[in-house]
Structure formats: C-alpha cells, structure tokens
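[1] sequence plus the predicted model coming up.
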Amino acid sequence: MAEVFLQRILVPIDNSLSSLMAQETAAYVARKTGATVTILHVIPEFRTVYEYSQSVGGEVVFSEEKRSESILSKASSFFNEENVPSNVLIGRGDPAVTILENATPKFGLVIMGACGEHETDLCKLGSVTKKVERHIHLPILIAKKISLLSNFLVCTDGSEHSIEALSFAAKLAAKLDAKITILNVQEGLVQNISPKTAEEIGELVLAATLNAIEEENLETAKRVEYGTPSNVISDMANEGKFDLIVLGSRGLGTAERFLLGSVSDDVSHSAQCSVLIVPPRS
C-alpha cells in the first residue's frame, strides 16, 4: 500500500488576521491532500489567572475561557464550510511551549500565522512563531499571504536537510499542482574570484540535489544566483512572484541557532511570501 503523504495538520490559532491566513492556507492544503485539521488555541497562563468576570449568581467565569470557545467555534465553522474534517484542542500556558508540546509526530505539518493579534506587520515573525520555528521537529508552513501555493521556490545547498526539503516540497507540489524552481545561491565572494567556478559548483549542487530524491520525473526549473543567501532568496521570491519558499533546517541546538543564526531563520523573518521549513528527520 502506498504511503499517505499527509494525514494530519496542526493549526495553532488566535484572534489575529495572520491566524485567519493560516486557516485559509490549511483548508486549501487539507482539501488537496485529504488531511484532517486539528485546531489548537492556547490560553496564555497570565490570562487564565487574572482575566475573569463575576457572574450575577456569584459564580466565577473566566472570560478567556469564553473567548477561546468563541475563537474555536468560528474556526470549526470555517473548516466545516470548507468541507475539511477538523477537531479542536485547548491548551493553557506559554503559547510557544504549548504548541511545541502538541506538535507530535502524528502530525505531518504545522501551519500557523507569522504573527499574533498584537503584532502589526503580517510578514515579520512574531515572538511565538519565532520560538516555534526555531524548536519544532515537524515541517512548519508560516502563512504570510493567502494564495493557491502554486509556485514554489525550493532552496538547496546540496546538504541532506535541503534534499529532505525538496523531497517534501515535491510531494506537496504534486498534490497542489504547483510548479517548482530549485535555487542554489553561491556566495558572492566565490563569484568574484571565479565566476565560471561558481556557476559550475551551483549546477553540480542542483544536479546532486535532484538526483538524491526519490521522486521520478520531477520537472523543475533551476537557478544559480550569487550573493548573501538569505537576501538573494527573499529578493528572488518577491521578484519572481513565488508564493512559497521551501528550505531545510539544519536542526541546530538552541544555543547554536541563537548565536549563529541560519538561512531559514533569516528568510522566514524577512520574506514577503509564505515559508515552509522542513527539519531533519528525527
């Protein structure tokens, strides 16, 4: 029996516009893949403790509980209208930690907005999304715009994690009927020293990445560009009207990623379109 590509999607939500974009994106992906959506809303710990109201009868009713029920009810209704099977979860505590705790291997993908309801730039990563993106062990799609996800820019440096990213992207693209362009960025210094060598290395990286994945007859466009990788990727995605950037994550430890940063961190923060980050297999 053939392996099912994507069975369950986890969608953390709040009351933000960014969250609505994540829901729209999740509904589209779920319809195309046949996946079930689990909607997760987290009540922050400080709200659980302090935000409450007193009913007429003297019973203490936590207003945040009611607010959560309303948010989840609206989300459930949305997925029902989209003919997407869904279920709900309520978490309590630190939002990022709670999302990570619920992002178990039974899910094949996490889709969430770039920022929360109190953050105004819909393309910059908010504090919760940034924490989740850095620590999650599942593929995560950060929704920044509502689109059909029909034009993927898949970035590779020839490493194992970028090969895994292309493999995941190829499976998703097949379900969404999307086009793929794979991109290798050579550092500008290499090009300055020897343009021909830089081009040859880039072409070898692209060929090796394509040869390493299992999907046969995968049709892609290929590009080699030069400069600082994160800047080139974000600029090319914007200029080429790509609606999804796909990158692998090196799976570095917390201290390493904090001190050194990474291309996936930088691109997920600066890109104007949605970003899919695929971590190493555990």
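    That came through fine. Residues are numbered from 1 along each chain as shown.
[2] stretch 88-108: end-to-end distance?
    Using CA to CA, to the nearest Å, the end-to-end distance of stretch 88-108 comes out at 17 Å.
[3] figure out how far it is from the centre of its chain.
    15 Å (CA atoms, centre = their mean, to the nearest Å).
[4] give me the low-pLDDT residue ranges for the protein?
    For the chain, the stretches with pLDDT under 70 are 1-3, 46-62, 190, 192, 216, 251-261, 282.
[5] again, only using 80
    Along the chain, the model assigns pLDDT under 80 to residues 1-4, 45-65, 118, 120, 122, 188-194, 214-217, 250-261, 281-282.
[6] all helices of it, in order?
    Secondary structure of the chain (DSSP state H): helices at 17-33, 45-50, 63-81, 95-102, 127-135, 160-176, 188-193, 195-212, 229-239, 254-260, 263-270.
[7] tell me who's in contact with Thr33.
    If you count contacts by CB atoms under 8 Å, 6 or more residues apart in numbering, Thr33 has them with Phe5, Leu6, Leu172, Lys175. Yep, even glycine has a C-beta here, placed from its N, CA and C like the rest.
[8] are any of those buried, and if so which?
    By neighbour count, with 16 or more other CB atoms under 10 Å, the contacts of Thr33 hold Leu6, Leu172, Lys175 as buried.
[9] which among the residues you listed gets closest to Thr25?
    Nearest to Thr25 among these, counting by CB to CB, is Leu172 at 11.9 Å.
[10] what about the closest one, distance to Asn80?
    For Leu172, the distance to Asn80 (CB to CB, to the nearest Å) stands at 24 Å.
[11] just Ser274 next, same as before
    24 Å.
[12] looking at these two, which one has more neighbours?
    Just comparing Ser274 and Asn80: by other CB atoms under 10 Å the higher neighbour count belongs to Ser274, 27 against 11.
[13] what sits against the more buried one?
    Ser274 makes contacts with Thr25, Leu141, Ile142, Ala143, Lys144, Lys145, Ser147, Leu149, Asp243, Leu244, Ile245, as judged by CB under 8 Å, 6+ apart.
[14] make a ChimeraX selection of the buried ones in these.
    To isolate the buried ones among the contacts of Ser274 in ChimeraX, judged by 16+ other CB under 10 Å, type:
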select :25,141,142,143,144,145,147,149,243,244,245
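[15] want to try JSON lines for the contacts of Ser274, with distance to Thr38 as columns?
    As requested, the contacts of Ser274 are arranged in JSON lines below (distance: CB to CB, whole Å):
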{"residue": "Thr25", "distance to Thr38": "15"}
{"residue": "Leu141", "distance to Thr38": "15"}
{"residue": "Ile142", "distance to Thr38": "18"}
{"residue": "Ala143", "distance to Thr38": "16"}
{"residue": "Lys144", "distance to Thr38": "22"}
{"residue": "Lys145", "distance to Thr38": "23"}
{"residue": "Ser147", "distance to Thr38": "23"}
{"residue": "Leu149", "distance to Thr38": "20"}
{"residue": "Asp243", "distance to Thr38": "24"}
{"residue": "Leu244", "distance to Thr38": "22"}
{"residue": "Ile245", "distance to Thr38": "25"}
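[16] show me what the nearest residue to Pro229 once chain neighbours are set aside bridges to in the sheet.
    Nearest in space to Pro229, with sequence neighbours left out and distances taken as CB to CB, 6 or more residues apart in numbering, is Val185 at 4.2 Å. Counting by DSSP bridges, Val185 forms beta bridges with Glu225.
[17] so Val185 makes contact with Asp235?
    No - Val185 is beyond contact range of Asp235, at 10.5 Å (criterion: CB atoms under 8 Å).
[18] quick check, nearest of the buried ones among the contacts of Thr33 to Asn102?
    Comparing the buried ones among the contacts of Thr33 against Asn102 with CB to CB picks out Leu6 as the nearest, at 17.4 Å.
[19] sounds good, over and out.
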